[in-house]
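Trainee: return atomic coordinates for the entry below.
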Amino acid sequence: MGVGSLRRRTVWRAVTPWLIVILLPALFLGTSSPRAAHAQSAPRPNIVLILTDDQRYDSLARMPNVQNLLIRRGMSLDQAIVSNPLCCPSRATILTGRYSHSTTVYRNSPPRGGWPRFQSSGAEAATIATALDDSGYRTGLIGKYMNRYRDAGAYVPPGWDRWFAFTGDNDGAYYDYTMVNDSLGFVGFGSRPRHYSTDVISHRAQRFITSTPTDTPLFLLVAPFAPHEIAIPAPRHSGDLAGATVRMNPAVNEPNVSDKPMYIQQEGITSLSSIRSTTIKQWETLLAVDEMVRSLVMRLGETGRLHDTLLIYTTDNGLSNREHRWFGKVVPYEQSNRVPMVVRYDGRIPPGTRSKALVSNVDIAPTIAEFSS
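Mentor: This is a model prediction of the structure:
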């Protein structure tokens, strides 16, 4: 299936085809006809999608490279949401441009979720990766794929030319983890500082960029485990933000939850010191991700690709740090379903742009298809 067919199949199903609506007019805003014609006939862009795990929308303020290299050079989508705030369903949506009722992935584990459901439903056979691969892109996934992917053995899903993915689910993925490599099979990593997973993923992703021929467009999905709980910063960053101020949302430890669902009413009060400690660890864990962003942008520049690369930074879902007493995601509160989302595309998106438009993860795949057609 080609990119065009993915675009035709998905774009009209999207409720808010966000970049198509928001960015395409921005491409030619204030340009003359010759420049617009040149932009329309330009080669297909490289695409780099950075997808973190359980990142709050308000944590980008602690990432200086994201601020300087993405937000100030591109567009910040301040009202981005996910349709199903849980890891596996959201990742299925991001890869396909389809809601959970179409992918049939509702949860992280079978029978109604996880990688086994994504694969058996046929959704895995029709992703943005298969479409781009069929149309001549060199594709690579480095990092987290799906929950319960461990059930697949050393299987590499269709559409990926390079594959380096966690076999684990939601624990132990900073150290002492195993990856599936498309050419080597299972590769184990230990507990030494050089095995810190965000750094390993960063190095592999940079290698993918530098090893791709300059006349071949690339699609790279970089998916670190950070800042998923239990958040473990890289040794070089541990304690870096110990003195940082953590501003508590007014909903934290909500005193009266009698008007909330029973699952909220059953939650107790958590100490503010514990909430602060958890937040600091999440922020420090993101510092290595922030360094990875800088390294990827540098490699794109050194290989002459940066001027023609669509960079998207987002996450699979948000996270509540005891707002309404809840810790985690899944619930229909803003901290759970609102996500950071930033897009950079030099010469196409005016730098420093901010949008309040409501955008969603369901539109990432058809938007990529639109730009790469």
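
Trainee: for residue 327, helix, strand, or coil?
Mentor: strand (DSSP: H, G, I helix; E, B strand; the rest coil).

Trainee: bridge partners for it, pull those for me.
Mentor: Note on residue 327: beta-bridge partners by DSSP bridges are residue 321.

Trainee: start at 28, not 1
Mentor: With 28 as the first residue, the last one maps to residue 354.

Trainee: that one touches residue 348, doesn't it?
Mentor: Yes - between residue 354 and residue 348 there is a contact at 6.5 Å, judged by C-beta atoms under 8 Å. C-beta: built from backbone N, CA, C; applies to glycine.

Trainee: which one's more surrounded, those two?
Mentor: residue 348 (22 against 15; other C-beta atoms under 10 Å).

Trainee: poorly predicted segments of the stretch 278-400 of the chain, please.
Mentor: Within the stretch 278-400 of the chain, not a single segment meets pLDDT under 70.

Trainee: got the residue ranges for the helices in it?
Mentor: Using DSSP state H, counting those that start in this stretch, the helices of the stretch 278-400 of the chain run over residues 289-292, 299-329, 361-364, 391-399.

Trainee: of the ones you listed, which stretch is the most buried?
Mentor: helix 391-399 (a mean of 24; mean count of other C-beta atoms under 10 Å).

Trainee: related to what we said a few turns ago, of all the helices of the stretch 278-400 of the chain, which lies closest to residue 226?
Mentor: For residue 226, the closest of these is helix 299-329, at 6.2 Å, according to C-beta to C-beta.

Trainee: that older thread, now the helices of the stretch 278-400 of the chain in TSV, with distance to residue 240?
Mentor: What follows is these, written out as TSV (distance: least, C-beta to C-beta, whole Å):
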stretch	distance to residue 240
helix 289-292	52
helix 299-329	14
helix 361-364	40
helix 391-399	17
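
Trainee: nearest to residue 169, out of those?
Mentor: helix 299-329 (10.2 Å).

Trainee: quick one: that closest one to chain centroid distance?
Mentor: 14 Å (C-alpha atoms, centre = their mean, to the nearest Å).

Trainee: do stretch 210-227 as well
Mentor: 20 Å.

Trainee: can you give me the end-to-end distance of it?
Mentor: Length of stretch 210-227, first residue to last, C-alpha to C-alpha, to the nearest Å: 17 Å.

Trainee: pLDDT of that stretch, averaged?
Mentor: In this model, stretch 210-227 has a mean pLDDT of 96.

Trainee: could you do stretch 147-158 as well?
Mentor: Averaged across stretch 147-158, the pLDDT comes to 98.

Trainee: what of stretch 163-176?
Mentor: Computed over stretch 163-176, the average pLDDT equals 96.

Trainee: check which residues of that stretch are buried.
Mentor: 164-176 (16 or more other C-beta atoms under 10 Å).

Trainee: that stretch spans what distance, first to last residue?
Mentor: End-to-end for stretch 163-176, by C-alpha to C-alpha: 26 Å.

Trainee: check stretch 146-160 too.
Mentor: 18 Å.

Trainee: show residues contacting that stretch.
Mentor: With contacts defined as C-beta atoms under 8 Å, 6 or more residues apart in numbering, stretch 146-160 is touched by 28-30, 32-33, 36, 74, 119, 122-125, 129-132, 145, 166, 168, 179, 184-188, 246, 248, 391-392, 395-396, 399.

Trainee: restricted to buried residues, select those residues in PyMOL.
Mentor: To isolate the buried ones among the contacts of stretch 146-160 in PyMOL, judged by 16+ other C-beta under 10 Å, type:
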select buried, resi 29+30+33+36+74+119+122+123+124+125+129+130+131+132+145+166+168+179+184+186+187+188+246+248+391+392+395+396+399
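
Trainee: now, which of the contacts of stretch 146-160 lie within strands?
Mentor: 74, 166, 168, 246, 248 (DSSP state E).
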